[in-house]
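Undergrad: any chance you could fold what I've pasted below:
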Amino acid sequence: MLSKRIIPCLDVRNGKLTKGIKFEGNVDIGDPVETARRYYEEGADEIVFYDITASHEGRGIMLKVVEAVASQIFIPFSVGGGISTVADMREVLLAGAEKISVNSAAVKTPHIISEGAAAFGSQCIVVGMDVLRVPRSENIPSGYEIVIHGGRKHMGIDALWWAKEVERLGAGELCINSIDADGTKDGYELTLTRLITDNVRIPVIASGGAGNPQHMVDAVTTGRASAALIASIVHYGEYTVTDLKNYMADKGVKVRRIW
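TA: Residues are numbered from 1 along each chain as shown. So this is what the prediction gives:
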């Protein structure tokens, strides 16, 4: 049985660590380089870095910040935001990332998934899915819709269909972010998480809503996720990554520990 992963997420805006609720009301809360180093030392399995306004602003990712974070951590490092071509992917990998996360660009130009997988291997390609709960319809039979540009644009694409499609195109991993749960600390959207994990063969990361250690246990048991993405729960000092892993281990979840 593979260990379940805990993955702190660094949302970065203008070079600063930032956090909002349901993709709104973001406030700057710290330095991403120092924060990444701390999470690495506490036993994080991976770090995810999102330049959250790059796609919306139509610019490339801040490579100098990526390089600075990569220099401080020695665990897998996934980077997303403003990546729209294979050339962009190459630049980010050369800056120190091990994985590329594509979201808005994948929806608008799905071939970037297969092209990236062909160039760098499926293990490098993570497709982020920002998902909003909506009334079921002919176009959205699952009741979950894909949105892009930080939740600003509805795409009329069913989330379950899209998950299966990106797997077919060669993605190595999915990160399922529930906008309804994002930043609320009320727990992951487990119905959505389980819907995706039951219908794809690649690893799924649950994202959005972690507020206490039990939520992480729920994500990897009830939700069957391979990993849980966390942000507010550690950014504001309520728990350390070490605390969370100790709790999960005590509940019988297999996790990697460094002590």
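
Undergrad: contacts only, for Tyr39.
TA: Shown in contact with Tyr39 (Cβ atoms under 8 Å, 6 or more residues apart in numbering): Pro8, Ile47, Ile73, Val234, Val241. Where C-beta positions appear, they are placed from N, C-alpha and C, glycine not excepted.

Undergrad: ok, 10 Å please
TA: 6-10, 45-47, 73, 75, 230, 234-235, 240-242 (Cβ atoms under 10 Å, 6 or more residues apart in numbering).

Undergrad: beta partners of the residue most central in space within the chain?
TA: In the chain, the residue lying closest to the centroid (Cα atoms, centre = their mean) is Cys175, at 4.6 Å. Legend: beta-bridge partners of Cys175 under DSSP bridges are Gly128, Ile205.

Undergrad: circling back to that earlier point, restricted to strands, list the contacts of Tyr39.
TA: Ile6, Ile7, Pro8, Cys9, Leu10, Ile47, Ile230 (DSSP state E).

Undergrad: for those residues, which one is nearest Gln123?
TA: Ile7 (15.3 Å; Cβ to Cβ).

Undergrad: got the contact list for the nearest residue to Leu229 once chain neighbours are set aside?
TA: Among residues not flanking Leu229 along the chain, Ser207 sits closest, at 3.9 Å (Cβ to Cβ, 6 or more residues apart in numbering). Contact analysis of Ser207 by Cβ under 10 Å, 6+ apart lists 7, 9, 48, 128-131, 174-178, 181-182, 188-189, 193, 219, 225, 227-231.

Undergrad: with Ile140 instead?
TA: Taking Cβ under 10 Å, 6+ apart, one finds Leu132, Arg133, Val134, Ile146, His154, Gly156, Ile157, Asp158, Ala159, Leu160, Trp161 in contact with Ile140.
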